[in-house]
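Student: here is my input, please return the structure:
(2 chains)
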Protein chains: 2
Amino acid sequence: MNNPGYCSEADCSTATDTVEITGVTLDCSGTEDSPPMRLESIAGHDTPEGGMMAANGAPKMMDLPDEPAPGVGTYEDFNTIDWVREKCKDRDRHREITSRKKESICAWIISISDAFSGWLVVLLVGLMSGALAGAIDISAHWMTDLKDGVCLDGFWFNQEHCCWSSNETTFQERDRCPQWKSWAELITGSTSGPFAYIVNYLSYVSWALLFSFLAVSLVRAFAPYACGSGIPEIKTILSGFIIRGYLGKWTLLIKTLTLVLAVSSGLSLGKEGPLVHVACCCGNILCHLFTKYRTNEAKRREVLSAAAAVGVSVAFGAPIGGVLFSLEEVSYYFPLKTLWRSFFAALVAAFTLRSINPFGNSRLVLFYVEFHSPWHLLELVPFILLGIFGGIWGALFTRANIAWCRCRKTTRLGHYPVLEVLVVTVVTAVLAFPNPFTRMSSSELISELFNDCSRLDSSKLCDFSNVTGDPFSGALVDRPASKSLTLAMVELCLALIFKMIMTVVTFGMKVPSGLFIPSMAVGAIAGRLLGVAMEQLAYYQHDWVLFSGWCSPGANCITPGLYAMVGAAACLGGVTRMTVSLVVIMFELTGGLEYIVPLMAAAMTSKWVADALGREGIYEAHIRLNGYPFLEAKGEFSHKTLAMDVMQPRRGYPPLSVLTQSGVTVGDAQALIANTSYSGFPVVISPESQRLVGFVLRRDLIISIENAQKRQEGVGSTSQIFFTECTPPPSPDESAPLKLRGIMDLSPFTVTDLTAMDIVVDIFRKLGLRQCLVTHNGRLLGIITKKDILKHMAQMANQDPDTILFN
Amino acid sequence: MNNPGYCSEADCSTATDTVEITGVTLDCSGTEDSPPMRLESIAGHDTPEGGMMAANGAPKMMDLPDEPAPGVGTYEDFNTIDWVREKCKDRDRHREITSRKKESICAWIISISDAFSGWLVVLLVGLMSGALAGAIDISAHWMTDLKDGVCLDGFWFNQEHCCWSSNETTFQERDRCPQWKSWAELITGSTSGPFAYIVNYLSYVSWALLFSFLAVSLVRAFAPYACGSGIPEIKTILSGFIIRGYLGKWTLLIKTLTLVLAVSSGLSLGKEGPLVHVACCCGNILCHLFTKYRTNEAKRREVLSAAAAVGVSVAFGAPIGGVLFSLEEVSYYFPLKTLWRSFFAALVAAFTLRSINPFGNSRLVLFYVEFHSPWHLLELVPFILLGIFGGIWGALFTRANIAWCRCRKTTRLGHYPVLEVLVVTVVTAVLAFPNPFTRMSSSELISELFNDCSRLDSSKLCDFSNVTGDPFSGALVDRPASKSLTLAMVELCLALIFKMIMTVVTFGMKVPSGLFIPSMAVGAIAGRLLGVAMEQLAYYQHDWVLFSGWCSPGANCITPGLYAMVGAAACLGGVTRMTVSLVVIMFELTGGLEYIVPLMAAAMTSKWVADALGREGIYEAHIRLNGYPFLEAKGEFSHKTLAMDVMQPRRGYPPLSVLTQSGVTVGDAQALIANTSYSGFPVVISPESQRLVGFVLRRDLIISIENAQKRQEGVGSTSQIFFTECTPPPSPDESAPLKLRGIMDLSPFTVTDLTAMDIVVDIFRKLGLRQCLVTHNGRLLGIITKKDILKHMAQMANQDPDTILFN
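Tutor: Here you go, the predicted model:
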């Protein structure tokens, strides 16, 4: 073909000669029925369009007409990506690489390395996240112990490591040794007495204050995005939103540091949620090493999905649970390829962490449970009770926390984040110290609550009186509670109330803060309390109908540790509304199939109860609080509205701003851009016919016009913009035409005005659209954007639609 | 509104009065610019359209115009469902129930029971499948033993049960007891000698022949769909295809019976794949109890997805693996709700099976492995070798089996299915009897190969000479092989060759036949062989650089059972191309995280190698062989074609057959139906404008016309068909008009002709479309159906496009 892109004089003069294909008039041309396109240039879509455009006396152009200007196809901050376009871009890139594969050995190597780069990047994410998690575990452990005392053999040892090297340790007192000095011992020389207690108390509070002050200052000074758990934002990012810097180098660095500080300060928060954020930062940073992932937002999100799985994998030592967490809770687009890679990455990370061995016990899991006692079918009743408790707590917590966060957003409280953190830290530390169950870290507490009492256990929770039976048997029979156990129960009750209140005010402060561990702690305390109560009931009332037959005196029929486990699952499920991934995580913790049914029963009850009390989990609630444009993949859209009820413009408003495929000047386009704030414009054949040709994004249009004005001679505000396949040859006295077909999306998604909104929502969710055009009998009528849908959904739920902030 | 559905005389006369909404002309009316619709009837889409249509002197109609005739919206056999329409239907139903919820207590109960019916149906599926699986396990075990002998205490005991009651059994010989008589013992009275051997041989072959003859006869006589594994068909059904009777009562009954017979006959097949089919039959049958699932094809497929998970859960005792199998391998549409329900159903089924306790060991899993010996990083090399073997075997097996099946389809072989089964049974039985490893059932073989040698093991595989070390230690150190072990290795080699060949000819015969167990057996044999070889190498060459440092003499550094496990995973992965679900199933078998990395390494290698040698797994290959319209969700469509290259009609062919929204008579429509075989027709405003209004399905059109002719007076072949919102009042001399707007899909999916095919394929996959219309600049140009896409993909892969058989 000669002069591709320009029609010859003869072509453009045959104004009425429309080409008939299959009985339908094809007219891609200037006005509705004027010069037709050549048939070959529709069908021969892959004809090369290159070559300099200097023919026909047209002004010499610097730019090839169909090669988009740099920057076209990128996104601005706080905007939503178009998944379809991104995936298309990637497929084009992939096709190009594979088509060149046979040309040379170098191209073949590029093609192979491209094919394996996906695996390589998730391998690196696994290694890096595993290593970081190990470092975080070790430092948090050490700094937590630093609040109590210091090791004389070397200040860098934590209490456990310090006492390993000691020969004077017995098994019972493996955490006590002469090398480890509490602050009171160092300062006053005595380990007991009210003065030593006060010194320990003060040093505990001071260290906590120091740590939390450092944490909040670092966050405020260097990386404001490092606060919180990060999971709501990651869910939003994975759904296709862009928040630049949220997964950047600085966020990673500061989040890692401040996470250690925040955990060590003893605040009621966990490191598991933020570890997901840390892993996603690793994923995002490592994506920059590979062109495939650096340049494509959709492909990068596949790596981030895998990274989210890695985060949970290292947080709990549960690779399968991590993958299911990513699938169930955070991911939006999760093809099978991502499933495989997530699994691979989660395994690599778990094994990296195990090689680092931060807990010093060669174990992968956070809370290892050794008992395998059977449970009785009747015990399902207390398990379901725990599920109901978890559901109520989850719903209440979400409401209370959201109310508190809204209060922080709207009142003067939000102006003093540092002060807030310091006050909460002081209150936490002052209240926590006197109670042994709150003084220890939440992970230690959960660990202790999960474990069943064995003969060698020195825990207060296992201080039963009147011990009978074989003194060397591992499992103990049910026994009456001693006074010390009763005291421990009272302390646990206080700890429960303390944790419940402090978690509400802590989550959402300007420090990294996860929810998993505090939620699990609340549930584990409640579960243990119920478990001990059941055990006592079974001991004293073993002749009841309920217990007879399976719980004879002298048998070990109730396992309070199992109740704690079930309670933890229930509360975590109530707060986050996870089910399968939660059960799998708990199953991986115990490594046995025995307890799947109790866990499942509690998790499902908890989800149902929590859903009945409030539809949203904590992460969705925070997303809505922050007004992120997140289209939930789970919920069903159940209203009976149509596309025409949602589309813009509404009845009575000015018509949709459109461009025509020819006849628009650069000046017109610039005026349109200046007068509107829409992020894109449909291109139609003529304003009268409103027949749709394509869709142009605002950003692409601005960039292309600016680029043309800079690099192409003779482009002024009177230059005509053509979106057609062929432009008429320009006459010398006119300004140079601007050919912008290259930036137009030739396959915009359309629905009819009578399409039910549930179908439209489904299309947006499944295809990841950013906008969709609405037609009526083949004519363009309006446009629906993701934001319109979110606003409509908010309206339908009687919420304020203006809380949806971004595009 | 008066006379809904009819425009008044005044309305229809204002022919030029087009209504302007947002600057765009709306015209839903007769011809392009004639009577407009009233604005309210666009916007007020939920106005009641009921009431008798006797106004304006129009003929009295029996049928309400917008209430579709019975049968509209159903599907014919061997057709593809429209997921979007089905989901819409379900949402409408759901909305209706919830909107009535507050009207009465009865409605409230209906609404609650409707909400929980999903959970109830999967609970029932779990219970029923678990019970059936237990019955199948018990009967197959008994009948397999029947080939060897009979229990004198009662013929219904299998060998193991028979000897449980015996007091004379020692632990070593727990399978031998005086009550159990082999056939030779019963007939000749002696247990040894050549004559007894021949009697046993003959009885073994005869029983095998009897079982397989019964199996194939039952399948041929009562349920031809009961043959094979069923997984390819279930994949196709889940993707939206309709095969009536495939999941029916008869298939369930006959498949259950013949599965037991086929497994007992000793053929090289397993019961795991067919168990998935059995579970899906249960799911389908139980769906009929609930209106929600009986009437909706899409909802029913959600239950079937859960049932597929149940099948694997009971087959292997691996509930999580089952869910992932359903997600990764068989399901098409797998929302999170289905994930939760699948998990629940899989758990219920696993626990039902455990309560039945078919293996008599209170264990859930099929092959329980007790060892937890560590593995060394260097062992990854043999594991990856096993992966390569698995991949090669998987690809070769698929090719050989497909070639054999094609041969069966095209040659006279296919005419004698009973004879084929009998011949294969005789060959299998005759060859299998002399070799102890092939004489035992495949599950027993795998079990023996997976187990590591302990001191009490009487297996030939553990007959090492020169045993040293503590005689009571459970784990044994590496030892040199004895002569008996060498003989066992030779027998294993023979068994490997035997299994490889017999599996190729067995899979696809007219009996229920699964692939999992034979594939795993091949892999386990290969793995065990390699494991023993490695063990001997390590024993004799422990001073090699490779072994030094981790494998000192007298240590137990190689675990041949682990090699068998890895080999089994590799071969199963090569044949089916599963990865994550495979690893999780194997992980659930062992219950430990230790071996995830070896299993993962082997499974991934196997998948890569097999994919390099042939893209399709065995199930996809069988789907293609049978020509089912299955659009694979995994593969990427990588060609650079456009929608216009795929759509019908092609260039030069007659134009698309369309209906106009008015002006078509019943006679025209009947002629169109008679002359074409398309399954649907687009409705346009006028043939000239080709502006799309909607889409009508052939089946719905036929049913509606027939129904109107039967039930409505005055409908003849000259009656006009109206797809418009309002029809002109009929004059008395004309035939009665037919209003068919109710059967028209007002929101047909459209793409532009320049849409890249990869996007179109994506839309079809994700939304589950059946057809999509192609427009160019707002005008209808053509249509793309799922079949067109499949044909195009076959063409692009240089295959014969005419193998795609159904709609």
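Student: what secondary structure does residue A:784 sit in?
Tutor: Per DSSP: H, G, I helix; E, B strand; the rest coil, the local secondary structure of residue A:784 is strand.
Student: residues touching it, list them.
Tutor: With contact taken as CB atoms under 8 Å, 6 or more residues apart in numbering or on different chains, residue A:784 is in contact with A:643, A:646, A:647, A:648, A:751, A:760, A:771, A:772, A:773, A:774. All C-beta atoms are positioned from the backbone trio N, CA, C, and that covers glycine.
Student: if we only consider those residues, which is nearest to residue A:74?
Tutor: The nearest member of the contacts of residue A:784 to residue A:74, counting by CB to CB, is residue A:771 at 17.1 Å.
Student: and the closest residue to the closest one other than its chain neighbours, how far is that from residue A:749?
Tutor: Using CB to CB, 6 or more residues apart in numbering or on different chains and skipping residues adjacent in sequence, the residue nearest residue A:771 is residue A:785, 4.5 Å away. According to CB to CB, to the nearest Å, residue A:785 and residue A:749 sit 12 Å apart.
Student: common neighbours of the two, please.
Tutor: Common neighbours of residue A:785 and residue A:749, using CB under 8 Å, 6+ apart, are A:771, A:772.
Student: for whatever helix or strand residue A:496 lives in, packing partners?
Tutor: Per DSSP states H and E: residue A:496 is located in helix A:483-506. For helix A:483-506, the contact count by 3 or more CB pairs under 8 Å, 6 or more residues apart in numbering or on different chains; DSSP states H and E identifies helix A:380-410, helix A:417-432, helix A:436-439, helix A:516-540 as packing neighbours.
Student: next one: that helix to chain centre, how far?
Tutor: The chain centre lies 31 Å from the centre of helix A:483-506; the measure is CA atoms, centre = their mean, to the nearest Å.
Student: then stretch A:298-318?
Tutor: Taking the mean C-alpha point of stretch A:298-318 and that of its whole chain, the gap between them comes to 9 Å (CA atoms, centre = their mean).
Student: got any ranges where the stretch 201-350 of chain A has weak pLDDT?
Tutor: Low-confidence segments of the stretch 201-350 of chain A (pLDDT under 70): none present.
Student: could you list the domains of chain A?
Tutor: Using automatic domain parsing, the domains assigned to chain A come out as A:94-141+A:228-363, A:377-626.
Student: for residue B:230, find the nearest of the ones you listed.
Tutor: Shortest distance between residue B:230 and the domains of chain A, using CB to CB, is found for domain A:94-141+A:228-363: 21.7 Å.
Student: tell me if that closest one is near chain B.
Tutor: Yes - using CB under 8 Å from any CB of the partner chain, we find that domain A:94-141+A:228-363 touches chain B at A:94-95, A:98, A:319-320, A:323, A:327-328, A:335-337, A:339-340, A:343-344, A:347, A:350-351.
Student: take those residues and, keeping just the buried ones, write it as a ChimeraX select command.
Tutor: Selection command for ChimeraX covering only the buried members of those, criterion 16 or more other CB atoms under 10 Å in any protein chain shown:
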select /A:94,319,320,323,327,328,339,340,343,344,347,350,351
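Student: quick one, helices of the stretch 51-200 of chain A?
Tutor: Defined through DSSP state H, counting those that start in this stretch, the helices belonging to the stretch 51-200 of chain A, from first to last, are A:83-100, A:105-146, A:159-164, A:183-188, A:194-222.
Student: returning to that earlier point: could you tell me the angle between the helix holding residue A:496 and helix A:380-410?
Tutor: Angle between the axes of helix A:483-506 and helix A:380-410 is 40 degrees (criterion: axes from the mean of the first three to the mean of the last three CA atoms, to 10 degrees).
Student: would you mark the buried spots in helix A:483-506?
Tutor: Result for helix A:483-506 [16+ other CB under 10 Å]: buried residues A:485, A:488-489, A:491-492, A:494-496, A:498-500, A:502-506.
Student: among these, which two are most distant?
Tutor: With distance counted by CB to CB, no two of the buried residues of helix A:483-506 lie farther apart than A:485 and A:505, which are 30.9 Å apart.
Student: for residue A:760, which non-adjacent residue is spatially closest?
Tutor: If the residues on either side of it in the chain are set aside, residue A:760 comes closest to residue A:643, at 5.4 Å by CB to CB, 6+ apart.
Student: burial count for the one you found?
Tutor: Around residue A:643 there are 25 other residues, counting by other CB atoms under 10 Å in any protein chain shown.
Student: per-residue confidence for it?
Tutor: Confidence at residue A:643, expressed as pLDDT, is 90.
Student: state the distance from it to residue B:746.
Tutor: With distances defined as CB to CB, the gap from residue A:643 to residue B:746 amounts to 10 Å.
Student: tell me the least confident of the buried residues of helix A:483-506?
Tutor: For the buried residues of helix A:483-506, the model is least confident at residue A:485; its pLDDT is 84.
Student: re earlier: any common contacting residues for residue A:643 and residue B:746?
Tutor: When CB under 8 Å, 6+ apart defines a contact, the residues bordering residue A:643 and residue B:746 alike are A:752, A:754, A:755.
Student: using CSV, please lay out those residues together with pLDDT and distance to residue A:136.
Tutor: Rendered in CSV, the data for the shared contacts of residue A:643 and residue B:746 read as follows (pLDDT from 0 to 100; distance: CB to CB, whole Å):
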residue, pLDDT, distance to residue A:136
A:752, 91, 53
A:754, 89, 55
A:755, 90, 49
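Student: so which of those residues is surrounded by the most neighbours?
Tutor: Within the shared contacts of residue A:643 and residue B:746, neighbour counts (other CB under 10 Å) peak at residue A:755, which reaches 25 neighbours.
Student: so that residue makes contact with residue A:646?
Tutor: No - here residue A:755 lies out of contact with residue A:646, judged by CB atoms under 8 Å, at a distance of 10.0 Å.
Student: what's the burial count for residue A:559?
Tutor: Residues lying near residue A:559 (other CB under 10 Å) number 24.
Student: skipping its backbone neighbours, what lies nearest it in space?
Tutor: Once its chain neighbours are removed from consideration, residue A:559 has its nearest residue in residue A:373; the separation is 4.7 Å (CB to CB, 6+ apart).
Student: what is the burial count for the one you found?
Tutor: Under the neighbour criterion other CB under 10 Å, residue A:373 is assigned a count of 14.
Student: CA atoms of stretch A:90-103 as CSV?
Tutor: Backbone C-alpha positions of stretch A:90-103 (Å, rounded to 0.1, in the frame of the first residue of the first chain) are rendered in CSV as follows:
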residue,chain,number,x,y,z
ASP,A,90,1.0,-7.4,27.8
ARG,A,91,-0.3,-9.8,25.2
ASP,A,92,1.0,-7.6,22.5
ARG,A,93,4.4,-7.5,24.1
HIS,A,94,4.4,-11.2,24.6
ARG,A,95,3.4,-11.8,21.0
GLU,A,96,6.2,-9.6,19.8
ILE,A,97,8.8,-11.5,21.9
THR,A,98,7.5,-14.9,20.8
SER,A,99,7.3,-13.9,17.2
ARG,A,100,10.9,-12.8,17.2
LYS,A,101,12.0,-16.0,19.1
LYS,A,102,13.3,-17.8,16.0
GLU,A,103,15.2,-14.8,14.6
